[in-house]
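**Student:** Fold the following.
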Amino acid sequence: MDRVILHCDMNGFFASVELLDHPELRNRPMAVCGNPKNRHGIIVAKNELAKKAGVKTAETIWQARKKCPDLQVVAPHHEKYQYYSRLINEIYYQYTDLVEPFSIDESWLDVTHSQKLLGSGKEIADQIRETIKSQLNLTLSVGVSFNKIFAKMGSEYKKPDATTEITRENYKDILWPLPVGELFFVGQSMAERLCKIGIVTIGDLAVTPSETLSSMFGKHGVLVWEYANGKEAEPVTFALHRKKIKSVGNGITFRRDLLTQKDIDIAVAGLSDTVASRLRQYQMKAAGIRVEIKDPEFHSIRRQTQLESPTNLAHEIARISKELIQSTKNSHRPIRLLTITGIQLVDESMSQQISLFPEQEQLRNEIERLERTLDQIREKYGTGSVHYGSLLHNDLGLDLEEIKEED
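**Tutor:** This next block holds a predicted model:
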């Protein structure tokens, strides 16, 4: 018997929560922006009226206001989003104990065994939507399917405030005509490469021999082929039953050797950003950082250090990593491969410390809010949607969607 999986995705979550405190903006185009006082601030969420006016997440305020001069902007309040996220997940637990949060505003639910008491998967999805709407005055879209990937794509298919059911009988009709970049885990770079060889839709990808995709993208190519064909079978897991992660590391063999400090700065920035993002995804912080370097002769050097305060911030990981690289005896040698790893992981909720320097702590909190905003944008639009300017057009082979991940 097939499982019944729901993917619940809140509609314009940040903007919707802000509208609870700003009802006067409910019938006006409105967006949440990282720094409304700065015309270069980035749009991180918008309401439906702003969306209809063409406002897009990740663009700057001045770009948005060119399209929507009447756009109203408010500052983000992440503590409120965390609060409502907890309330929403508590509602999910009324329908099943198999709830797996994917981000602050998305969760998978396995309701296979809940159907005997609560009705079909679609009926349960509609009940959840009505409950959240009546209790919290927020809306969500729900995908219902036999696996997690198709459930997630179902929640994206029709918005706002909708339920979409994707079955073994209809998934080819609903999903295969969509652009290949709409498939989960097919980022912009991969989609562009696929389109160049005539793989334009998800259906094109599904009927392409998996060996072809493997030769182009390795294991990731086979993975997305399985996704397109409905073969994903990962379970929805209890939070407490998930794999205990001991470290989070990213590494790459560069297209050319790192020769200058500028090369090192670019490489460290890219790797540190992906390590920090994954640490936040796992709700962990690293109490130590390790770097591993290989030169063109494959000589390997490893250095690590313990931190005064655990971190999951990219700029802190990058600073420490550069210090470790500079501490090696052969720091002037070309670098063929570099791996940066967060070690000695601790739960982020257990790692808060009182700072003796309030100004520094305030700055650190501002940076954390910014990096978490970037996480939200990447979760919605792919890992390549926003990144450091120094990584643009680099010739080191730093495609952040394809960097090797190590746990």
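
**Student:** And the helices in the stretch 51-200 of the chain, which stretches?
**Tutor:** Along the stretch 51-200 of the chain, the segments classed as helices by DSSP state H, counting those that start in this stretch run 61-67, 78-92, 115-118, 121-136, 148-157, 171-174, 188-196.

**Student:** Name the stretch among those helices that sits most buried.
**Tutor:** helix 148-157 (a mean of 24; mean count of other C-beta atoms under 10 Å). For every residue, glycine as well, the C-beta is placed using N, CA and C.

**Student:** I'd assumed residue 276 was in a helix, is it?
**Tutor:** Yes. With DSSP: H, G, I helix; E, B strand; the rest coil as the criterion, residue 276 is located in a helix.

**Student:** Which residues are in contact with the residue lying closest to it once chain neighbours are set aside?
**Tutor:** Distances taken as C-beta to C-beta, 6 or more residues apart in numbering put residue 314 closest to residue 276, at 4.0 Å, once the chain neighbours are dropped. Residues in contact with residue 314 (C-beta atoms under 8 Å, 6 or more residues apart in numbering) are 269, 272-273, 275-277, 371.

**Student:** Mind doing that once more with 7 Å?
**Tutor:** 272-273, 276, 371 (C-beta atoms under 7 Å, 6 or more residues apart in numbering).

**Student:** And it, what's its pLDDT?
**Tutor:** Note on residue 314: pLDDT of 91.

**Student:** That one and residue 20, how far apart?
**Tutor:** 31 Å (C-beta to C-beta, to the nearest Å).

**Student:** repeat for residue 164
**Tutor:** Residue 164 sits 26 Å away from residue 20, taking C-beta to C-beta as the criterion.

**Student:** same question, residue 171
**Tutor:** 36 Å.

**Student:** what's the most distant pair in the contacts of residue 314?
**Tutor:** 272 and 371 (10.8 Å; C-beta to C-beta).

**Student:** Show me which of these two is the more surrounded one.
**Tutor:** residue 272 (25 against 17; other C-beta atoms under 10 Å).

**Student:** rewinding a little: quick one, which of residue 164 and residue 20 is more surrounded?
**Tutor:** residue 164 (23 against 13).

**Student:** In contact with that one: list those residues for me.
**Tutor:** 143, 154, 157-158.

**Student:** How about residue 285?
**Tutor:** So residue 285 contacts 279, 310-312, 345-346, 348, 351 (C-beta under 7 Å, 6+ apart).

**Student:** what about it, which helix or strand?
**Tutor:** strand 284-294 (DSSP states H and E).

**Student:** Packing partners of the helix or strand just after that strand?
**Tutor:** With elements assigned by DSSP H and E, the helix or strand that comes after strand 284-294 is strand 300-311. Identification of packing neighbours for strand 300-311 by 3 or more C-beta pairs under 7 Å, 6 or more residues apart in numbering; DSSP states H and E yields strand 284-294, helix 314-326, strand 335-347.

**Student:** Dump the second one to CSV, keeping only the CA atoms.
**Tutor:** Looking back up the chat, that one is helix 314-326. Below are the C-alpha coordinates for helix 314-326, written out as CSV (Å, rounded to 0.1, in the frame of the first residue of the first chain):
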residue,chain,number,x,y,z
ALA,A,314,29.5,32.0,7.3
HIS,A,315,31.7,35.0,8.0
GLU,A,316,32.9,33.6,11.3
ILE,A,317,33.7,30.2,9.7
ALA,A,318,35.5,31.9,6.8
ARG,A,319,37.6,34.0,9.2
ILE,A,320,38.7,31.1,11.2
SER,A,321,39.3,28.9,8.2
LYS,A,322,41.6,31.5,6.6
GLU,A,323,43.5,31.8,9.9
LEU,A,324,44.0,28.0,9.9
ILE,A,325,45.2,28.1,6.3
GLN,A,326,47.7,30.8,7.1
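
**Student:** and it with strand 335-347, angle?
**Tutor:** Using axes from the mean of the first three to the mean of the last three C-alpha atoms, to 10 degrees, the inter-axis angle of helix 314-326 relative to strand 335-347 is 130 degrees.

**Student:** same thing with the first one?
**Tutor:** Here the directions of strand 284-294 and strand 335-347 differ by 160 degrees (the same axes, to 10 degrees).
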